[in-house]
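[1] Compute the structure for the input listed below.
(4 chains)
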There are 2 protein chains.
Amino acid sequence: MTSVEEPARSGERIRDAARTRAEILDVATQEFARAGYDGARVDEIAARTRTTKRMIYYYFGGKEQLFTAVLERAYGVIREAEQELDVDHLDPVAAIRRLAELTFDHHEQHPDFIRLVSIENIHEAHHIAGSEKLGKIGSPALDVIRRILATGQESGLFTADVDAVDLHAMISSFCFFRVSNRHTFGALFGRDLLDGAQRAHYRAMLGDMVIAYLTAERSAD
Amino acid sequence: MTSVEEPARSGERIRDAARTRAEILDVATQEFARAGYDGARVDEIAARTRTTKRMIYYYFGGKEQLFTAVLERAYGVIREAEQELDVDHLDPVAAIRRLAELTFDHHEQHPDFIRLVSIENIHEAHHIAGSEKLGKIGSPALDVIRRILATGQESGLFTADVDAVDLHAMISSFCFFRVSNRHTFGALFGRDLLDGAQRAHYRAMLGDMVIAYLTAERSAD
DNA sequence: TCACTAATGTACGAACCAGTACGTTAGCTA
DNA sequence: TAGCTAACGTACTGGTTCGTACATTAGTGA
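    Presented below is the predicted three-dimensional model:
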């Protein structure tokens, strides 16, 4: 999420459209993730940038479009990460576990992304709906899941007849909740779902859960 | 979430502290759930009440305390519902499935509550932390889960050595995500997780998942 | 029935905040 | 090197929004 390389030497102000734009996006990502859409302050974003508020309107048009741009880049990052998924050489069970673990890791490592998605849901995905870049592109992870499921179901290893989107929802829900609801869950039950000492435990729990579901004996249906 | 009984007959304005307070809470719940904490407007809440903004400050002190009161009542509602859980007469497997289904149903029926919890997480559970009523009270559901797990583990039916809080997190994550992330998930994958035609499917999926996890053969650990 | 207080209403202020009018400069190109 | 334009800065505005000072009335207890 830090795409701006600091030139270290201060003083001389060189014009650099790309850098300015990227810096605004970086700071805006933090600010929106911190305070939500309505809680975020355009002036605050500008202040934490080496440029001024004027530039935000110059490059993005307004607060709304800025938030959309932030979302677009955040989803872009996750898609890139998913594209590096390489589990085709594993057997279906190991592949699914690996995929679940990578999802687990990615969510944990990008809490700002989780917050942005939560915020966007409060706004009923209004910005995604209005974005050309964020149409129903799906995600590379879905294709991977599809392939693994097909192999596992053919071989009879997987007894469940889930489809890829549903399995993706199952895996995501656990990973997402652990980060998104960390605070209320911690406050109410006195347990920090992101406690480092419990990390391996929850990571294994997720894998066990998904594998158990996929391989359980089913009553005839 | 509608605790105010409408007296039908309008005109004569009778003073009724309890009613006024409750009406403010009702409207505030809707408004906060709709727009988030910062997006919510005190004037808007007042306008949709039969009283004035002055009363909000009279009874609650301010926007922040009003939101806390809204959260306290929302959590109260869910606790009451959980207290009616009655699954002790069922065998452990059926009991867990029933519990999961009731959680599923409750989340689906209270989207405003889900939104409030999402919003409170964006604010890092700040209001829960500052509330006396919302300290670590846990939830009645936890006790039920504890009892079922104990029975199931004693009898050897359940192979997993989860504890109650973890299992609660597993069940909640699926139910919560389905509601909280409905919009982004729908926009990105073209599937409405709350589609009525899919309801039974997802309800069964949750139960299957939890039971499979609890009863799966484990490699020695 | 009289006074006292809880409950309610009106009108306003002060700060905040998204957005803009207008002016300036860096750097490229002809 | 003159001029042109993309990139940038300053200062302001108009509307919004939380909160409150002040006035009023309903109901209750002495």
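[2] what about A:Asp192, how many neighbours?
    13 (other Cβ atoms under 10 Å in any protein chain shown). The way it works is simple: take the backbone N, C-alpha and C, and place the C-beta from them, glycine included.
[3] wait, it sits on A:His183?
    No - counting by Cβ atoms under 8 Å, A:Asp192 stays clear of A:His183, with 9.3 Å between them.
[4] The longest helix seen in chain A and DNA strand D in contact?
    The longest helix of chain A (DSSP state H) is helix A:17-39. Yes - judged by Cβ under 7 Å from any atom of the strand, helix A:17-39 comes into contact with DNA strand D through A:17, A:19-20.
[5] Which residue, other than its chain neighbours, is closest to A:Arg218?
    Among residues not flanking A:Arg218 along the chain, A:Thr159 sits closest, at 5.1 Å (Cβ to Cβ, 6 or more residues apart in numbering or on different chains).
[6] list the contacts for the one you found?
    Residues near A:Thr159 by Cβ atoms under 8 Å, 6 or more residues apart in numbering or on different chains: A:214-218.
[7] if you set the cut-off to 10 Å instead, what comes out?
    A:152-153, A:213-218, B:212 (Cβ atoms under 10 Å, 6 or more residues apart in numbering or on different chains).
[8] now A:Ile78
    Per Cβ under 10 Å, 6+ apart, neighbours of A:Ile78: A:103, A:106-107, A:110, A:113, A:117, A:139-141.
[9] Same question for A:Glu101.
    Contact analysis of A:Glu101 by Cβ under 10 Å, 6+ apart lists A:171, A:175, A:203-204, A:206-207.
[10] Just the buried subset of those, please.
    Using 16 or more other Cβ atoms under 10 Å in any protein chain shown as the burial test, those include A:171, A:175, A:203, A:206-207 as buried.
[11] And those, which is closest to A:Ala95?
    Among the buried ones among the contacts of A:Glu101, A:Gly207 lies closest to A:Ala95 (Cβ to Cβ), at 11.2 Å.
[12] Read off the pLDDT value for the closest residue to that closest one other than its chain neighbours.
    Excluding its sequence neighbours, the residue lying closest to A:Gly207 (Cβ to Cβ, 6+ apart) is A:Arg97, at 4.2 Å. Note on A:Arg97: pLDDT of 98.
[13] what do you get for A:Leu85?
    91.
[14] DNA strand C contacts on chain A?
    Within chain A, the positions adjacent to DNA strand C are A:13-15, A:40-43, A:53-54, A:57, A:62-64 by Cβ under 7 Å from any atom of the strand.
[15] would you turn the residues you listed into TSV with pLDDT and secondary structure?
    Formatted as TSV, the residues of chain A next to DNA strand C follow (pLDDT from 0 to 100; DSSP: H, G, I helix; E, B strand; the rest coil):
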residue	pLDDT	secondary structure
A:Arg13	57	coil
A:Ile14	72	coil
A:Arg15	79	coil
A:Ala40	98	coil
A:Arg41	98	coil
A:Val42	98	helix
A:Asp43	98	helix
A:Lys53	97	helix
A:Arg54	97	helix
A:Tyr57	98	helix
A:Gly62	97	coil
A:Lys63	98	helix
A:Glu64	98	helix
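[16] Of those, which are in range of chain B?
    Taking Cβ under 10 Å from any Cβ of the partner chain as the test, chain B is in contact with A:40-41 out of the residues of chain A next to DNA strand C.
[17] Which single one of the residues of chain A next to DNA strand C is nearest to B:Leu90?
    A:Ala40 (48.3 Å).
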